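>>> no sequence for this one, just the structure:
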RNA sequence: GGUCGCGUAGCUCAGUUGGAUAGAGCAUCUGCCUUCUAAGCAGACGGUCAGAGGUUCGAAUCCUCUCGCGAUCACCA
């Protein structure tokens, strides 16, 4: 039971004793910094039930609380706000309990398990900045959900089939000269991506040639021989043609290897991969089932639909007239498959907001089909990452490549670090590792601190900041704390219960106190931004403490011990909360 | 056109069951390194919370309308 609950009960008791009124709700909020106090009772809502002035009411409740609760030191009333000052003992008691708890902030693991899907790339395009946002969000939300007490499985579905794959394969056959990642030194995803571009170029040439021959644009686009060949290749793939399947496997493997490299650099991982080549047939039997239950209906041409007009949506196709699956069919089938595979009771889909409508429909269909877990589906929808020039378009070469960006961030971190020159005694390897941690920290924090729903405008000209509300700022504070701990060569492990807190110390403990509820809130809202902002506040508070009080230099032993303990606890929380964002913290920088 | 999302300082963003004088960072300007890491601290400057109504003791937050930006409305994925 936290203070707020205790106080709420006592406030009700007070009002009942003094005014003979039973309160329904008691509303608290943290006291604003401009006023003295730790927690504030808002008395306005009570005035409906109690006929008196807000000030008199506040005074009366305040007097009662001070008389009946030892942890309350004093109070003051401003307008309808009763500001309560808690005794140091209360804070010391809390701090003593959590300072060495390695799981502080995290809930114990419960029954609920959930699958988080993210990344889900195409195999013909290298990962870009948009994927980075997706990956960081998906990974971080997974970690946050784990910390909130859920069992989490991370997954990606790899789009490894369809005409687009055949385009890259065909171009490689035609123009590839048996190039491989080994022979060229290119990452596999980049190599295959290049052939996708080559296909597009050849295709466009053929189209303009045909148009010059007098064909209309539509005719030319449909009749270009290279496209026909790609379609033929898809037919062969679907028929299981040995040669085509072999090439498909080889080239896909190149891409997977390339992706793995990028994932490893980014620090994200998956518990399970699903491949569309395995799942694209799923869902058809469910459509049959839905037809029987009259959830779906068949049109004259044989196609199957669901009518969602009652829900304010449209009609949506779930099976083509030729009996083949559409995207929706596959997603229905895959969802059901995942529940079978992992016995999960919910799912999170990390997919851009251009698919808001699709997921609305998907979830609705699954609910109508009667799956109880359909209530626990969440579309983690996020805004696009735009460049100053507008949308990223791979065909126009205006994409920010994921590998390049990571490289650039690392290089910037290196420049700054070398300029500051604080790394004497570090080996080259240690330095490189540190630059990577800082560069990635800057990038990840920059992206995760923003509310997922909002669009991000990314300007490659103005590189990501390393000062102010940034990843490196927070990492720096952590490194500072570690420096203090290295120098604190004495035993500071004993809890302290007799101590007079100064304002900075008290603020810090208050901020630490907020960590567990922040984790829960971030989990409920699927929002890493809440964790990022919390950590920033904590770090700002610590830096102010650090610059305004002496830690190791004080005469008073208790004071010195307490301040070291406090610094350590803050460092632990920084490390813990940054882990939820997928960001590492350095011992020095 | 229908639906959904967004609009807060010059720029990037916080502001979560409606609470006190709307907060940070960047940029600009002042101070602070012979004491624990100055990627820091202390301060100044900067606001019609897109606009108009409404609900409320109280609105950036809830409701309605208007404007602006974006997404979406395929037998594509």
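Done, it's in. Not measured: the values here are computed from a predicted model.
>>> assign whatever residue of the stretch 451-589 of chain A ends up closest to RNA strand B to helix, strand or coil.
Per C-beta to the nearest atom of the strand, residue A:468 is where the stretch 451-589 of chain A lies closest to RNA strand B, at 1.9 Å. C-betas here are computed from N, CA, C, even on glycine. At residue A:468 the chain is in coil, as set by DSSP: H, G, I helix; E, B strand; the rest coil.
>>> again, but for residue A:281
coil.
>>> shouldn't it be in contact with residue A:325?
Yes: contact status for residue A:281 versus residue A:325: in contact at 6.7 Å, counting by C-beta atoms under 8 Å.
>>> overlap in contacts, those two.
The contact sets of residue A:281 and residue A:325 overlap at residue A:333 (C-beta atoms under 8 Å, 6 or more residues apart in numbering).
>>> gap between residue A:437 and residue A:127?
According to C-beta to C-beta, to the nearest Å, residue A:437 and residue A:127 sit 20 Å apart.
>>> those two: who's more crowded?
Per other C-beta atoms under 10 Å, whichever of residue A:437 and residue A:127 has more neighbours is residue A:127, with 24 against 21.
>>> is it true that the more buried one touches residue A:261?
No: judged on C-beta under 8 Å, residue A:127 makes no contact with residue A:261 at a distance of 10.0 Å.
>>> sketch out the low-pLDDT regions of chain A for me.
For chain A, the stretches flagged by pLDDT under 70 are A:1, A:388-398, A:460-463.
>>> redo that, cut-off 80
Within chain A, the segments meeting pLDDT under 80 span A:1-3, A:24-25, A:34, A:312, A:387-398, A:459-463.
>>> now do the strands in it.
Using DSSP state E, the strands found in chain A span residues A:27-30, A:39-42, A:72-78, A:81-86, A:113-117, A:151-158, A:272-275, A:297-298, A:304-307, A:315-319, A:347-352, A:377-382, A:385-386, A:456-457.
>>> just put those in JSON lines and tack on distance to residue A:61 and mean neighbour count.
Listed next are those as JSON lines, based on distance: least, C-beta to C-beta, whole Å; neighbours: other C-beta atoms under 10 Å:
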{"stretch": "strand A:27-30", "distance to residue A:61": "12", "mean neighbour count": "14"}
{"stretch": "strand A:39-42", "distance to residue A:61": "7", "mean neighbour count": "21"}
{"stretch": "strand A:72-78", "distance to residue A:61": "8", "mean neighbour count": "18"}
{"stretch": "strand A:81-86", "distance to residue A:61": "6", "mean neighbour count": "21"}
{"stretch": "strand A:113-117", "distance to residue A:61": "42", "mean neighbour count": "23"}
{"stretch": "strand A:151-158", "distance to residue A:61": "44", "mean neighbour count": "21"}
{"stretch": "strand A:272-275", "distance to residue A:61": "55", "mean neighbour count": "16"}
{"stretch": "strand A:297-298", "distance to residue A:61": "63", "mean neighbour count": "13"}
{"stretch": "strand A:304-307", "distance to residue A:61": "57", "mean neighbour count": "18"}
{"stretch": "strand A:315-319", "distance to residue A:61": "57", "mean neighbour count": "19"}
{"stretch": "strand A:347-352", "distance to residue A:61": "43", "mean neighbour count": "22"}
{"stretch": "strand A:377-382", "distance to residue A:61": "41", "mean neighbour count": "20"}
{"stretch": "strand A:385-386", "distance to residue A:61": "51", "mean neighbour count": "18"}
{"stretch": "strand A:456-457", "distance to residue A:61": "47", "mean neighbour count": "14"}
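>>> got these as a markdown table, with distance to residue A:336 columns?
Shown next, in a markdown table, are the strands of chain A (distance: least, C-beta to C-beta, whole Å):
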| stretch | distance to residue A:336 |
| --- | --- |
| strand A:27-30 | 44 |
| strand A:39-42 | 48 |
| strand A:72-78 | 55 |
| strand A:81-86 | 52 |
| strand A:113-117 | 12 |
| strand A:151-158 | 14 |
| strand A:272-275 | 13 |
| strand A:297-298 | 21 |
| strand A:304-307 | 16 |
| strand A:315-319 | 14 |
| strand A:347-352 | 11 |
| strand A:377-382 | 12 |
| strand A:385-386 | 32 |
| strand A:456-457 | 34 |
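>>> of these, give the one that comes closest to residue A:493.
Nearest to residue A:493, of all the strands of chain A, is strand A:81-86, at 25.4 Å by C-beta to C-beta.
>>> centre of the chain versus the closest one, how much separation?
Distance of strand A:81-86 from its chain centroid, counting by C-alpha atoms, centre = their mean, to the nearest Å, is 36 Å.
>>> that strand near RNA strand B at all?
Yes: judged by C-beta under 7 Å from any atom of the strand, strand A:81-86 and RNA strand B are in contact via A:81, A:83.
>>> for that strand, name the packing helices and strands.
Under the contact definition 3 or more C-beta pairs under 8 Å, 6 or more residues apart in numbering; DSSP states H and E, strand A:81-86 sits against strand A:39-42, helix A:54-68, strand A:72-78.
>>> looking at these, which is nearest to residue A:533?
Among the helices and strands packed on strand A:81-86, if distance is taken as C-beta to C-beta, the winner is strand A:39-42, at 20.9 Å.
>>> give me the contacts around that closest one.
Counting by C-beta under 8 Å, 6+ apart, A:3-4, A:7, A:11, A:26-32, A:58, A:61, A:80-84, A:86 sit against strand A:39-42.
>>> if we go to 7 Å?
Applying C-beta atoms under 7 Å, 6 or more residues apart in numbering, the contact partners of strand A:39-42 are A:3-4, A:7, A:11, A:26-31, A:61, A:80-84, A:86.
>>> do I have it right that residue A:27 meets residue A:43?
No: in this structure residue A:27 lies outside contact range of residue A:43 using C-beta atoms under 7 Å: 8.7 Å.
>>> quick check: closest non-adjacent residue to residue A:297.
Distances taken as C-beta to C-beta, 6 or more residues apart in numbering put residue A:305 closest to residue A:297, at 6.0 Å, once the chain neighbours are dropped.
>>> near RNA strand B, which residues of the stretch 251-400 of chain A?
Proximity of the stretch 251-400 of chain A to RNA strand B, by C-beta under 7 Å from any atom of the strand, involves residues A:276, A:299, A:301, A:303, A:312, A:314, A:317, A:320-322, A:326-327, A:353-358, A:383-384, A:391.
>>> show me how chain A divides into domains.
Listed domain ranges for chain A are A:3-86, A:162-266 (source: automatic domain parsing).
>>> want to throw those into TSV with distance to residue A:366?
Shown next, in TSV, are the domains of chain A (distance: least, C-beta to C-beta, whole Å):
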stretch	distance to residue A:366
domain A:3-86	37
domain A:162-266	24
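>>> quick check: residue A:162 vs residue A:361, distance?
As judged by C-beta to C-beta, residue A:162 and residue A:361 stand 21 Å apart.
>>> of these two, who's got more company?
Using other C-beta under 10 Å as the criterion, residue A:162 and residue A:361 rank with residue A:361 on top: 20 against 16.
>>> any idea how far residue A:294 is from that one?
Distance from residue A:361 to residue A:294, by C-beta to C-beta: 18 Å.
>>> ok, now residue A:443?
In terms of C-beta to C-beta, residue A:443 sits 51 Å off from residue A:294.
>>> the more surrounded of the two?
Neighbours of residue A:443 and residue A:294, each counted by other C-beta under 10 Å, are more numerous for residue A:443; the result is 24 against 7.
>>> isn't that one up against residue A:470?
No: in this structure, residue A:443 is not within contact of residue A:470 by C-beta under 7 Å, at 10.0 Å.
>>> which residues are in contact with both of those two?
Here residue A:443 and residue A:470 have no joint contacts, going by C-beta under 7 Å, 6+ apart.
>>> how about stretch A:484-493 and RNA strand B, touching?
Yes: Stretch A:484-493 is in contact with RNA strand B by C-beta under 7 Å from any atom of the strand, via A:484, A:487.
>>> how long is that stretch end to end?
Distance between the two ends of stretch A:484-493: 15 Å, counting by C-alpha to C-alpha, to the nearest Å.
>>> how far does that stretch sit from its chain's centre?
Distance of stretch A:484-493 from the chain centroid (C-alpha atoms, centre = their mean) equals 35 Å.
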